[in-house]
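Undergrad: sequence and predicted structure are below.
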Amino acid sequence: MVEAGKTGEICIAGDGVAKGYWRRPELTAEKFTSNDFDTEQQTKLYRTGDLGKLLPSGDILCLGRIDHQVKIRGHRIELGEIEEALEEESEILSSVVVVNSSRLMAFIITNEARDFSEDNMAKWKKNLSTKLPDYMVPQDFNLVTEFPKTLNGKIDRKSLLKNASEKRETTHFTAPRNKTEQIVAEIWQESLGFNSIDIFANFFELGGHSLIAVKVMVRIEKETGGKNYPLSSLLEHPTIAKLAKFIDSDKDISSWSSLTPIKTSGNKTPLYVIHGADHNVLIFETLSRTLDKEQPVYGLQAKGLNGIDAPHDSIKKWRHIMLRKLLNLTQPDLMLLLGIR
């Protein structure tokens, strides 16, 4: 048995439990097991396949099916695994994770209302990223006082999503102020699955990742007269307001630079990360959020990713250019380099 407050499978025993399923021996063997809590009478224990937890009141909270798998970015994941990791945080009493347009949303009940803060949410995301892959870390956190229930007592996940959507629509946000912001906002909304997005909201904190970024930049190219903006533009200008201002500046994007700022703040020795084949520097944005807040991070990218410049004709030439760039930026004896395959 799991401890009170911990998530486990709900099982039923007692005189009301049947002997098994009618003419389904394999399913009977799977679901009706020996009751280890009643060894004298050798009774059966029925495994319901539902997750639940014992509340302080003595009631059992039904959390949904144990095999509740979803697919995120091509990966099959168990939502219960994310919920268990969340509930290891001292401030979180209970949690439910749902999927909305390929984005993970966490609904949590905290011990106290003040525990739901920006600092704690940042801490939760950072802790989760050390236990789970980045595609299993929720992008949104929502505070609730209780979970809505269906008629049979299980958590109503659809109601959670509906309530969150209605709350977001009534929350004050800054709307686009010009044509370019409107274009970028519409592209982000379609790509990220939002009805509206504040122009100062961060693309990556909204659930954006490298695959969505590619789609966004392709759409922006079509909507802005065919100008090919590099993917790294999203790292340097991660809000609608900043990206629209960059587009309107008509800045020359033909000049290539191997160095891309990912996180410039912090007083530690900067970390320079080199991407591997079939990747770009966008994948390092997630990495930067898991590191110390005082750790600056820069990406080193290959030439040609902007779709304009011809790529280097050898690794040796690329290495030479990158090293020369780094030596101009930092002291040789204080250089932190990381390579990702």
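TA: Now that the structure is in, tell me what you want to look at. Numbers count the residues shown, from 1 in each chain.
Undergrad: so the closest residue to Ser232 other than its chain neighbours, which state does it fall into?
TA: Once flanking residues are discounted, Ser232 sits nearest to Thr260: 4.3 Å by C-beta to C-beta, 6 or more residues apart in numbering. (Each C-beta comes from the backbone N, C-alpha and C, glycine too.) Secondary structure state of Thr260, per DSSP: H, G, I helix; E, B strand; the rest coil, is strand.
Undergrad: give me the neighbour count for Asp38.
TA: With neighbours defined by other C-beta atoms under 10 Å, the count for Asp38 comes to 13.
Undergrad: show me what contacts it?
TA: Ala13 (C-beta atoms under 8 Å, 6 or more residues apart in numbering).
Undergrad: for Ile108, same thing?
TA: 86, 92-96, 116, 141-144.
Undergrad: kindly recompute the last result at 10 Å.
TA: Contacts for Ile108 (C-beta atoms under 10 Å, 6 or more residues apart in numbering) come out as 83, 86-87, 89, 91-97, 115-116, 120-121, 124, 138, 141-144, 147.
Undergrad: contact partners for the residue nearest to Ser232?
TA: 230-233, 235-236, 273, 275, 280-282, 284, 297-301, 305.
Undergrad: again, only using 8 Å
TA: Going by C-beta under 8 Å, 6+ apart, the list of residues near Thr260 reads 232, 235-236, 281, 298-301.
Undergrad: of the contacts of Ile108, buried ones?
TA: 83, 86-87, 89, 92-97, 115-116, 120-121, 124, 138, 141-142, 144, 147 (16 or more other C-beta atoms under 10 Å).
Undergrad: please flag which of the contacts of Ile108 sit within helices.
TA: Counting by DSSP state H, the part of the contacts of Ile108 found in helices is 83, 86, 120-121, 124.
Undergrad: those residues: which two are farthest apart?
TA: Taking C-beta to C-beta as the measure, the ones in helices among the contacts of Ile108 span a maximum distance of 16.8 Å, between Glu83 and Asn120.
Undergrad: low-confidence regions, the stretch 51-200 of the chain specifically.
TA: Across the stretch 51-200 of the chain, residues meeting the criterion (pLDDT under 70) sit at 67-69, 73-74, 165-173.
Undergrad: and stretch 268-275, what's buried?
TA: 270-275.
Undergrad: lowest pLDDT pick from those residues?
TA: Among the buried residues of stretch 268-275, His275 carries the lowest pLDDT, at 71.
Undergrad: still on that earlier bit, can you say which two of the buried residues of stretch 268-275 are spatially most distant?
TA: Taking C-beta to C-beta, the two most distant members of the buried residues of stretch 268-275 are Pro270 and His275; they sit 16.5 Å apart.
Undergrad: okay, now Thr130: neighbour count?
TA: Neighbours of Thr130 (other C-beta under 10 Å): 8.
Undergrad: make that Glu118, sorry
TA: Count around Glu118 with other C-beta under 10 Å applied: 8.
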